[in-house]
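A.B. asks: Pasted the sequence and its predicted model underneath.
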Amino acid sequence: MKRLFLLLFALFLTSTASIASEVKEAALAADPVAEKRLQALSAELRCLVCQNQTIADSNAELAVDLRREIRGMIAAGQTDGQIVDFMVNRYGDFVLYRPPVKGITLLLWAGPIAMLLIGLFALHRYLRRRATRLDDSERPLSAEEARQADSLLKENTPQ
Amino acid sequence: MNRYYWILGAFALLVALLAVGLGLNPRDVPSPLVGKPAPDFKLPILATPEKTLSPADLKGQVWLFNVWASWCVSCRQEHPVLVQFARSHQVPVIGLNYKEVRGDGNLDMRRIAPEQEKTLAFERANGWLAQHGNPYRLTVMDLDGRVGIDYGVYGVPETYVVDKAGVIRMKHTGPITPDVLSQKILPLVAELSQ
């Protein structure tokens, strides 16, 4: 019960916080072109406070500040590359939802492909084995085997 | 039988991977600033607001840069550790007061005039240090959090170790515990002070 109350309280807090920041930011959203660039850029950047949200989605204070910084940089005529560099220089590759391919991120990028290849290899091996097993079972009996089978059948046939 | 060893091995590998991966702290994002010069700033000093401080003023000595604010709950937790450290007078601790007024979720910024913010921030910061003890050689005031952004601050408290050449050598995110101080910070400070 206490937990439920806390949860509701937290929801209430976040909703009021977002209203406040929306009011603040609506005033800044005067230039539609710049605003579109801001949206596109900040959707690629991770908020460090609430780690699974983008800077575009997050209402954390830091995300609001960073949107303000990006707005300033767009107004100052900086390119998208310069703005992304600004972020990476401060917070590292962690802010990028699409980190660059380099030594330390190789496993991240190549991992899924490697897993797929391993899976395909395992499937291939399994199918080959099953095929030989099936072939084996369909092969006609040799003369020796036929004789053995006959004698077994005769033994078990009731007289 | 052989097959089952294979599956067991793969499973053990997965468990090991998850054990390591889930054991890491996702809040501990490695800072790209380690090994780079401390970003420049020029901010007013809490005790003497008409004067400013820049990292260049501290060249030639090892210093700790501790980000704090009176609204920051974890700062209260680490504060006694800092006060104790400051008593040993090993190296100066410089405070960066981060968004003293704006960062406080309990204050409504729409009701605070810009010129009022500065007075209020200095008042609150001074009050907090008077109440909890002042471990800082001096504190600089970052009212709008811009210097915080340059230092990649994303959760107060954070602490940086800067060497004699003005290069950041370590960043610790979160409160400094006695363990962090004795195992990470003190050995590094001793090494850098030589």
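C.D. replies: Perfect, I can see it now.
A.B. asks: How are the helices of chain A distributed by residue range?
C.D. replies: Assigned by DSSP state H, chain A shows helices spanning A:2-26, A:32-42, A:61-75, A:80-91, A:106-138, A:143-156.
A.B. asks: How far off centre is the fifth one?
C.D. replies: On the basis of CA atoms, centre = their mean, to the nearest Å, helix A:106-138 is displaced by 24 Å from the centre of the chain it belongs to.
A.B. asks: average pLDDT across it?
C.D. replies: The pLDDT scores in helix A:106-138 average 89.
A.B. asks: Same question for the shortest one.
C.D. replies: Taken as a whole, helix A:32-42 has a mean pLDDT of 87.
A.B. asks: and that helix, anywhere near chain B?
C.D. replies: No. Using CB under 8 Å from any CB of the partner chain as the criterion, no contacts between helix A:32-42 and chain B are found, and the smallest distance is 14.2 Å. Yep, even glycine has a C-beta here, placed from its N, CA and C like the rest.
A.B. asks: Same question for the third one.
C.D. replies: Yes. Part of helix A:61-75 sits close enough to chain B to count as contact by CB under 8 Å from any CB, namely A:61, A:62, A:65, A:66, A:69.
A.B. asks: Pull out the buried residues from that helix.
C.D. replies: For helix A:61-75, the buried set under the neighbour-count rule, 16 or more other CB atoms under 10 Å in any protein chain shown, comprises A:61-71, A:73-74.
A.B. asks: residues from chain A in reach of chain B?
C.D. replies: With CB under 8 Å from any CB as the criterion, chain A comes near chain B at residues A:13, A:17, A:20, A:48-49, A:51, A:61-62, A:65-66, A:69, A:88-94.
A.B. asks: Give the PyMOL command for selecting the buried subset of the residues you listed.
C.D. replies: Buried members of the residues of chain A next to chain B, defined by 16+ other CB under 10 Å, are picked up in PyMOL with:
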select buried, chain A and resi 20+48+49+61+62+65+66+69+88+90+91+92+93+94
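A.B. asks: Chain A contacts on chain B?
C.D. replies: Counting by CB under 8 Å from any CB, the residues of chain B close to chain A are B:26-27, B:29-33, B:99, B:102-103, B:105, B:108, B:110, B:144-146, B:149-152, B:154-155.
A.B. asks: What's the PyMOL syntax to select whichever of those are buried?
C.D. replies: Here is the PyMOL command that picks out the buried ones among the residues of chain B next to chain A, judged by 16+ other CB under 10 Å:
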select buried, chain B and resi 29+31+32+33+99+102+103+145+149+150+151+152+154
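A.B. asks: so what's residue B:104 up against?
C.D. replies: Contact partners of residue B:104, counting by CB atoms under 8 Å, 6 or more residues apart in numbering or on different chains, are B:69, B:70, B:71.
A.B. asks: Where neighbours are concerned, which of the residues you listed has the most?
C.D. replies: Comparing the contacts of residue B:104 on neighbour count, residue B:69 comes out first with 26 neighbours (neighbours: other CB atoms under 10 Å in any protein chain shown).
A.B. asks: distance of that one from chain A?
C.D. replies: Between residue B:69 and chain A the computed distance is 11 Å (CB to the nearest CB, to the nearest Å).
A.B. asks: pretty sure that residue contacts residue B:75?
C.D. replies: Yes. The pair residue B:69 and residue B:75 passes the contact test of CB atoms under 8 Å, sitting 6.6 Å apart.
A.B. asks: Are there residues contacting both of the two? Which ones?
C.D. replies: With CB under 8 Å, 6+ apart applied, the overlap between the contact sets of residue B:69 and residue B:75 consists of residue B:156.
A.B. asks: where exactly do the strands run in chain B?
C.D. replies: B:43-44, B:52-53, B:63-68, B:93-98, B:138-142, B:158-162, B:168-173 (DSSP state E).
A.B. asks: Save those as CSV, and put in mean pLDDT and distance to residue A:120 too.
C.D. replies: Listed next are the strands of chain B as CSV, based on pLDDT from 0 to 100; distance: least, CB to CB, whole Å:
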stretch, mean pLDDT, distance to residue A:120
strand B:43-44, 96, 59
strand B:52-53, 94, 61
strand B:63-68, 96, 50
strand B:93-98, 96, 52
strand B:138-142, 95, 55
strand B:158-162, 96, 46
strand B:168-173, 94, 42
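A.B. asks: could I get those as CSV with mean neighbour count and distance to residue A:55?
C.D. replies: What follows is these, written out as CSV (neighbours: other CB atoms under 10 Å in any protein chain shown; distance: least, CB to CB, whole Å):
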stretch, mean neighbour count, distance to residue A:55
strand B:43-44, 18, 25
strand B:52-53, 17, 30
strand B:63-68, 24, 20
strand B:93-98, 24, 19
strand B:138-142, 22, 20
strand B:158-162, 23, 19
strand B:168-173, 20, 19
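A.B. asks: Now that we have those, can you turn them into TSV and tack on distance to residue A:146?
C.D. replies: Written out in TSV, the entries for these read as follows (distance: least, CB to CB, whole Å):
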stretch	distance to residue A:146
strand B:43-44	98
strand B:52-53	100
strand B:63-68	88
strand B:93-98	90
strand B:138-142	93
strand B:158-162	83
strand B:168-173	78
